[in-house]
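Peer 1: Take this sequence and fold it.
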Amino acid sequence: MASFQNLVAGFLMIECLFFFIACLDGVSGSGGWDYAHATFYGDIHGNETMQGACGYGDLFEQGYGLETTALSTALFQDGLACGSCYQIVCYNSPWCIKGAGSIRVSATNFCPPNYTKTEGVWCNPPQKHFDLSMPMFLKMAEYKAGIVPVMYRRVQCYKQGGLKFEIKGNPYWTLVLVYNVGGTGQVIDVKIKGSNTDWIQMSRNWGQNWQTGVVLVGQSLSFQVTTSDNKMVQNDDVVPANWQFNQNFEGRYNFH
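Peer 2: Okay, here's the model as predicted:
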């Protein structure tokens, strides 16, 4: 019996024979595919997809746009999966748009479980589920479908520019949102250094918001960010000493 990966590759190859351009990037590196389902939330303009459980704010300003998804409990990893990127293709449904190929999305939100129901609640564990923005769902499936089976895999995130940091909190507590993360997109560790301190281990508060109780006001700030593949990028003095809360700063380096 053919392996699951071979079946996936075969499916995508058939798609490509008929719709070569749309599907070209869906065939290469076909390992790591898995089954899930997909729905959508919000409207065609992305309303209701902003301010999600990952801590990202305006997804347009932060570079994620409408190419986003909420993840079910099985995929969300209590927020650690925030920022990770996925390639998704509609599979084995009459509502799949022929020739649509695959879509690529970033995880920016959480699809919460509903334990009051026993059927039709797709985000309950252990189910793997993507609740896509409406525009992304409509790229691969018909609106009236509502839900479709999909195949998916983790892929690299490609970002323009350096890592970005949004400084929040108060003079005695600093909260940093790390975003625009390339590579795996999934941050697992952050350290911060003031111009008058050594490296300080930050703890994850929620989503991709990282915190410290060390007073850092009036100091320039540097960051060491580590992703899920254990790669680390260091941005020195990315935040000047005269920084203010609720400001955003861009580093010189990112993951590739």
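Peer 1: Show the residue spans covered by the strands in the stretch 1-150 of the chain.
Peer 2: 34-41, 68-71, 85-90, 103-110, 129-133, 148-155 (DSSP state E, counting those that start in this stretch).
Peer 1: The fourth one pairs with which strands?
Peer 2: So that's strand 103-110. strand 68-71 (parallel), strand 85-90 (antiparallel) (DSSP bridges).
Peer 1: and the last one with strand 148-155, angle?
Peer 2: This points to strand 85-90. Computed by axes from the mean of the first three to the mean of the last three Cα atoms, to 10 degrees, the angle separating strand 85-90 from strand 148-155 equals 150 degrees.
Peer 1: thinking again about what came up before, for residue 184, which of the strands paired with strand 103-110 is the nearest?
Peer 2: When the strands paired with strand 103-110 are compared by Cβ to Cβ, strand 85-90 sits nearest residue 184, at 8.0 Å. C-betas here are computed from N, CA, C, even on glycine.
Peer 1: That closest one - what's its average pLDDT?
Peer 2: Mean per-residue pLDDT for strand 85-90: 98.
Peer 1: Keeping just the C-alphas, turn that strand into CSV.
Peer 2: Taking Å, rounded to 0.1, in the frame of the first residue of the first chain, the C-alpha atoms of strand 85-90 are listed here in CSV:
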residue,chain,number,x,y,z
CYS,A,85,3.0,29.0,8.9
TYR,A,86,1.0,26.4,7.1
GLN,A,87,0.3,25.2,3.5
ILE,A,88,-3.2,24.0,3.1
VAL,A,89,-5.1,22.4,0.2
CYS,A,90,-8.8,21.5,0.0
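Peer 1: contact partners of it?
Peer 2: 12, 15, 26, 36, 38, 69, 96-97, 100-107, 130, 132, 140-141, 148-157, 184-185 (Cβ atoms under 8 Å, 6 or more residues apart in numbering).
Peer 1: Using neighbour counts, trim those to the buried set.
Peer 2: 12, 15, 26, 36, 38, 69, 96, 100-103, 105-107, 130, 132, 140-141, 148, 150-155, 157, 184-185 (16 or more other Cβ atoms under 10 Å).
Peer 1: As TSV, the strands of the stretch 1-150 of the chain with distance to residue 169 would be great.
Peer 2: Below are these laid out as TSV (distance: least, Cβ to Cβ, whole Å):
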stretch	distance to residue 169
strand 34-41	30
strand 68-71	26
strand 85-90	28
strand 103-110	22
strand 129-133	29
strand 148-155	32
